[in-house]
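Engineer: Sequence first, predicted model second:
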Amino acid sequence: MSVEQHRREAPKTVKCMVVTVSDTRTEETDKSGRLIIQLLRDNGYEVTDYRIVQDEYRLIQEVIDQGAASPDVEAILLNGGTGITDRDTTYEAVESMLEKTMPGFGEIFRYLSFTEDIGPAAILSRAIAGVYKGKAVFSMPGSTGAVKLAMTRIILPELGHVMREIYKDKK
């Protein structure tokens, strides 16, 4: 079956939880979280939950668990906390929970970042995606440029297809 056929069979909308990982952002200053929400809604997806959580390993895992337990969440989209400083724990928190990984997400994100945006500094990006408890999980850097790139070039075009694949075994 072709990718185009898979896309035609994909759900037209997905219930999404948006999580911003930051020690400093508030709802008023969270440009990246607002951008994710806007892009999801503009593309026919439903935002059922939005949270800001501090960059603490345990707190990040707790919010992912809460999203995974909710029948109103099918995909969890995180932004922020993906750098290499001591405070950046999102990658480790997400990676340790994933049951299936989608290494291509991080690989393509870094490739696009390298060729279209930031050049060799793309090596510092630790974007990651996969599946946890039947939910799609995407974790991207927190800058608005990174969010726009990940959302418009990777996540939005493929989110329905990802969900089709996750749901395929459950029918």
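Structural biologist: Okay, I see it. Since the model is a prediction, treat every value here as computed from it, not as a measurement. Numbering: from 1, shown residues only.

Engineer: name the element residue 62 belongs to?
Structural biologist: helix 57-69 (DSSP states H and E).

Engineer: Only C-alpha atoms, please: export that helix in CSV.
Structural biologist: Only the C-alpha atoms of helix 57-69 are listed here, as CSV (Å, rounded to 0.1, in the frame of the first residue of the first chain):
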residue,chain,number,x,y,z
TYR,A,57,12.7,15.2,34.6
ARG,A,58,10.0,13.9,37.0
LEU,A,59,7.5,16.7,36.1
ILE,A,60,8.0,16.1,32.4
GLN,A,61,7.3,12.4,32.8
GLU,A,62,4.3,13.1,35.0
VAL,A,63,2.7,15.4,32.4
ILE,A,64,3.3,12.8,29.6
ASP,A,65,1.8,10.1,31.8
GLN,A,66,-1.3,12.3,32.4
GLY,A,67,-1.6,12.9,28.7
ALA,A,68,-1.2,9.2,27.9
ALA,A,69,-3.9,8.3,30.5
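
Engineer: Are there helices or strands packed against the next helix or strand after it, and which ones?
Structural biologist: Proceeding N to C from helix 57-69, the next assigned helix or strand is strand 75-79, under DSSP H and E. For strand 75-79, the contact count by 3 or more C-beta pairs under 8 Å, 6 or more residues apart in numbering; DSSP states H and E identifies strand 15-21, helix 31-42, helix 57-69, strand 135-140, helix 156-168 as packing neighbours. Bear in mind the C-beta positions are built from the backbone N, C-alpha and C, glycine included.

Engineer: got the angle between strand 75-79 and helix 57-69?
Structural biologist: 150 degrees (axes from the mean of the first three to the mean of the last three C-alpha atoms, to 10 degrees).
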